[in-house]
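Novice: For reference, the sequence and a predicted model appear below.
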Amino acid sequence: LPISVDTYLDSAGPATNFGTAASVKVLIGSNGSVGRGLFRLPDELAQYSTGKLAQVQICFYVFSNQTAGRAIRLYPLTRPFAEGTSALPADGATWNTSDGSNAWTAAGGDFDTNFPVDGVAGGDGFFRWDVTALLANGTARSNLLDNGALLRIDEIPLPTNGMPRAPFTSSE
């Protein structure tokens, strides 16, 4: 099932929405800047009960994997976000807001750290996250289906130079 709603948050542009960007950037810079990806799971997934799901993977194509050995984790969001149109003023999620006007509880997105899933980089250019166990857990399932997910690279320690990153192809 295709992902059709996605964006990313960038601490270097805390009031900017990237809803129409051609990539979903996940990064950490040596200057402390951070980028996190947001996406919604397809609505059709909700029609399948946990007993009917043998395996569910989220897949994103990365066109230049420069993660430098850092994990990219998926976390369920704990509140919904608006994709936005990249307009000014922002009409969608930013580093500071979930929809251009309502602040996140914590800048950079509200997500549940109790349910991390590490991504696996394949030799085919895709990163994959197996979310089968999350969809079998009531809390994680509800958050994933109602709010979506956040992708985050290991942000600690800061790199001494450069910017470990994974620019994923977006729905745009």
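Specialist: Looks like it arrived, so ask away. Numbering: from 1, shown residues only.
Novice: Tell me the first helix or strand C-terminal of the top helix by length along the chain.
Specialist: Selection of the longest helix in the chain by residue count, based on DSSP state H, yields helix 138-147. Per DSSP states H and E, helix 138-147 leads on to strand 149-153 as the next helix or strand towards the C-terminus.
Novice: okay, the angle between that following strand and helix 138-147?
Specialist: For the pair strand 149-153 and helix 138-147, the angle between their directions (axes from the mean of the first three to the mean of the last three Cα atoms, to 10 degrees) equals 100 degrees.
Novice: still on that earlier bit, could you say what helices and strands the longest helix of the chain packs with?
Specialist: Under the contact definition 3 or more Cβ pairs under 8 Å, 6 or more residues apart in numbering; DSSP states H and E, helix 138-147 sits against strand 72-76, helix 132-136. To be clear about C-beta, it is placed using only N, CA and C from the backbone, and glycine gets the same treatment.
Novice: Need the phi and psi values for the closest residue in space to Ala21 that isn't next to it in sequence.
Specialist: On the basis of Cβ to Cβ, 6 or more residues apart in numbering, the spatially nearest residue to Ala21 that is not a chain neighbour turns out to be Ser170, at 6.1 Å. Taking degrees, to the nearest 10, you get phi -100, psi 180 for the backbone angles of Ser170.
Novice: Just the CA coordinates for the longest helix of the chain, please, in CSV.
Specialist: Taking only C-alpha atoms (Å, rounded to 0.1, in the frame of the first residue of the first chain), the coordinates of helix 138-147 have been written out as CSV:
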residue,chain,number,x,y,z
GLY,A,138,-3.2,-1.7,21.3
THR,A,139,-1.4,1.5,22.2
ALA,A,140,1.1,1.4,19.4
ARG,A,141,-1.5,0.3,16.8
SER,A,142,-3.8,3.2,17.7
ASN,A,143,-1.0,5.8,17.5
LEU,A,144,0.3,4.4,14.2
LEU,A,145,-3.1,4.2,12.5
ASP,A,146,-4.5,7.5,14.0
ASN,A,147,-1.4,9.7,14.0
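Novice: List the contacts of it.
Specialist: Contacts of helix 138-147 with the rest of the structure, by Cβ atoms under 8 Å, 6 or more residues apart in numbering, involve 40-41, 45-46, 50, 76-81, 112, 114-115, 131, 133-135.
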